[in-house]
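Visitor: model this:
(one chain, ligands or ions: 1)
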Amino acid sequence: MRLYDTMSRTVRQVETSTPRLARIYACGPTVYRDAHVGNMRTFLVTDLIARGLRHQNYRTLVVQNITDVGHMANDTGLGDAVDFDPDEGQADTEDKVLAQANRTGKSALEITSHYEKAFHKDLAELNIYPADHYPKASESIDSMIALITRLMDSEHAYVGHDKSVYFNARSFPTYGTLSGNRLDQLKPGHRFDVVESEPSKEFHADWALWKVAGSDRTQLTWDTPWGRGFPGWHTECSAMSLDLLGEAIDIHTGGIDLRFPHHEDERAQSNSVAGREVVGHWVHAEHLLFENRKMSKSTGNVVLVQDIIDRGFDPLALRLAFLQHRYRSQMNLTWDVISAANEQLTRWRTRINEWSESESEPMAQTYLDSFTELFFDDLNTPAAINELRNLERDPSISAGSKFETFIHLDSLLGLDLARDIGKRTEVPEEVQQLLIERDTARINKDWAGSDQLREAIAALGFIVKDTPQGQEITPH
Ligand SMILES: [Zn+2]
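Guide: Next up is the predicted model:
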């Protein structure tokens, strides 16, 4: 499998540090609200990579974290782009989970367990395989303290005047390589540099590994050698990924907005304790627009998986819509795109149902080869899907062969294409009546009447074919 690596800025072959085992870390959701479909697009990329590698007989070990503490309102977040959303915290240094708890009068735990459940439900709706581990930040505090201690011991971190612990950015010479933001370009007053609220760091680009808690913070704090407080957002991903995957992580995924500062800081932390380049491949999914606009709560432009289901669409139509666009390009999702994908999905399932009744035949090798080549070339799913459309229409390929090929490749696509096999098409009463009338018209050689009835049936969503055995009907 070849994937674009943000670090080297090239499409490179995935190489695993252990033969036939791929270790994958995916930045997960901050569970203070529902993940929107833009977040889902990012999570889908990890699923496609893992499916692809398993298809090539790799074992996969996938870890996706659940952020339930430490993600501040002024940290850039999943799908939030880089600007601060006033809905997500009263002050720009407020914890997103606590802000939501305060707004709703619930406890932090009630908030996080509710949205964590919703996240798993959304993944299941989109046929995204569960990760092997879903570590939570609040349950990994010991491991974060151990990480910070190691960074202190090796002088990559220091205690600031406010007793918070900061990473010393200048102690990591290649800081900025991932995002292209060089330290000397990160001037004081840079938008990520909250100088006013963090007066006690030594250098403007340093960031907090552990934040000291103010007296107003009554939940989600822990005692440490440096005082009572809570972890910085970037600390958790280093601690949990090193803990569960070790010091050689083959692929790290996330949304493009996490590249800086989240992944840049995580790389500095992890590499500093490991003494090596920890991540082999950094993979970032591009932004999703909805109806040409950024998805953001403050502008009311947020779409959830449940909204798609509520409109009567199959959630896997969303999955197909995503597959029809390259993960690395910005995509503009619209209701029309989802609707078209829904129709395509229904049509394929109907065809596969029909083909399933044919003689079994070997797979269509040429299509199989071109599809897999495209899929494994940096997940070129739009072109791969196009190959399936060509296969569907190719008159030289038998129905049995089309059936085998589609079903085999669905293990990569995850579209549940076999779902309708064996399902009888239910023909509504109204259509059945028109079929009887059309039969009579044809017996009477009333061809104009027969054509009119065909159109009336088509308007109700069915196609009539005349065969030696009589009229055959299929939904279109
Ligand atoms: Zn992360």
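
Visitor: Assign Tyr166 to one of the three secondary structure states.
Guide: Three-state call for Tyr166 (DSSP: H, G, I helix; E, B strand; the rest coil): strand.

Visitor: show me what contacts it?
Guide: Tyr166 sits next to 157-160, 201-202, 206-209 when contact means CB atoms under 8 Å, 6 or more residues apart in numbering. The way it works is simple: take the backbone N, C-alpha and C, and place the C-beta from them, glycine included.

Visitor: Show me those that map onto helices.
Guide: Among the contacts of Tyr166, the subset assigned to helices under DSSP state H is empty.

Visitor: Let me have those in TSV, extended by distance to the ion and pLDDT.
Guide: Below are the contacts of Tyr166 laid out as TSV (distance: CB to the ion, whole Å; pLDDT from 0 to 100):
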residue	distance to the ion	pLDDT
Ala157	19	98
Tyr158	23	97
Val159	24	95
Gly160	23	93
Lys201	21	89
Glu202	25	90
Asp206	19	93
Trp207	14	93
Ala208	15	93
Leu209	14	96
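
Visitor: Quick check, the residue in the stretch 51-200 of the chain closest to the ion?
Guide: Nearest residue of the stretch 51-200 of the chain to the ion, counting by CB to the ion: Asn65, 6.1 Å away.

Visitor: Need phi/psi at that residue.
Guide: Backbone torsions of Asn65, given as degrees, to the nearest 10, read phi -80, psi 160.

Visitor: what about Glu472, distance to Gly461?
Guide: Noted for Glu472: a distance of 15 Å to Gly461, by CB to CB, to the nearest Å.

Visitor: now swap in Phe403 and tell me
Guide: Separation of Phe403 from Gly461 (CB to CB): 24 Å.

Visitor: Neighbour count: those two, which is higher?
Guide: Phe403 (25 against 10; other CB atoms under 10 Å).

Visitor: burial count for the closest residue to that one other than its chain neighbours?
Guide: Leaving out its chain neighbours, the residue that sits closest to Phe403 by CB to CB, 6 or more residues apart in numbering is Trp355, at 3.8 Å. Counted with other CB under 10 Å, residues neighbouring Trp355 total 21.

Visitor: Going forward, count from 94.
Guide: Shifting the count to begin at 94 puts that one at Trp448.

Visitor: could you list every residue that touches Trp448?
Guide: Residues near Trp448 by CB under 8 Å, 6+ apart: 492-493, 495-496, 499.

Visitor: ok, those vs Gln525, which is closest?
Guide: Ala492 (26.1 Å; CB to CB).

Visitor: Number of residues surrounding that closest one?
Guide: Ala492: 16 neighbours (other CB under 10 Å).

Visitor: okay, it: pLDDT?
Guide: Looking at Ala492, its pLDDT stands at 97.

Visitor: for Gly282, same thing?
Guide: 53.

Visitor: can I assume Val371 is in contact with Ile344?
Guide: No: at 11.7 Å, Val371 does not count as touching Ile344 under the criterion of CB atoms under 8 Å.

Visitor: The nearest residue to Ile234 once chain neighbours are set aside bridge partners, please.
Guide: Leaving out its chain neighbours, the residue that sits closest to Ile234 by CB to CB, 6+ apart is Trp315, at 5.0 Å. Note on Trp315: beta-bridge partners Gly322, judged by DSSP bridges.

Visitor: Would you mind confirming that Trp315 makes contact with Arg321?
Guide: Yes: between Trp315 and Arg321 there is a contact under CB under 8 Å: 7.0 Å.

Visitor: near the ion, which residues of the chain?
Guide: Contact residues (CB under 5 Å from the ion) of the chain with the ion: 120, 330.

Visitor: Residue ranges of each domain in the chain, please.
Guide: 95-382, 429-506, 522-568 (automatic domain parsing).

Visitor: Rebuild those domains as CSV, extending it with distance to Ser422.
Guide: Compiled in CSV, those are given as follows (distance: least, CB to CB, whole Å):
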stretch, distance to Ser422
domain 95-382, 6
domain 429-506, 9
domain 522-568, 33
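
Visitor: Tell me the residue of the stretch 194-343 of the chain that sits nearest the ion?
Guide: Cys330 (3.4 Å).

Visitor: Report the secondary structure element holding that residue.
Guide: Cys330 belongs to helix 326-338 when assigned by DSSP states H and E.

Visitor: how about the helices in this protein?
Guide: Under DSSP H, the chain gives helices at 130-148, 189-197, 201-218, 234-246, 326-338, 357-367, 398-403, 408-416, 428-448, 458-469, 474-486, 492-506, 522-536, 540-552.

Visitor: rank these by mean pLDDT and give me the bottom one.
Guide: Per-segment mean pLDDT for the helices of the chain reaches its minimum on helix 189-197, at a mean of 86.

Visitor: export it as CSV, just CAs?
Guide: Taking Å, rounded to 0.1, in the frame of the first residue of the first chain, the C-alpha atoms of helix 189-197 are listed here in CSV:
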residue,chain,number,x,y,z
LYS,A,189,-14.4,21.8,26.2
VAL,A,190,-15.9,19.0,28.3
LEU,A,191,-16.2,21.2,31.4
ALA,A,192,-17.7,24.0,29.4
GLN,A,193,-20.4,21.7,28.1
ALA,A,194,-21.0,20.3,31.6
ASN,A,195,-21.5,23.8,32.9
ARG,A,196,-23.8,24.8,30.1
THR,A,197,-26.0,21.7,30.6
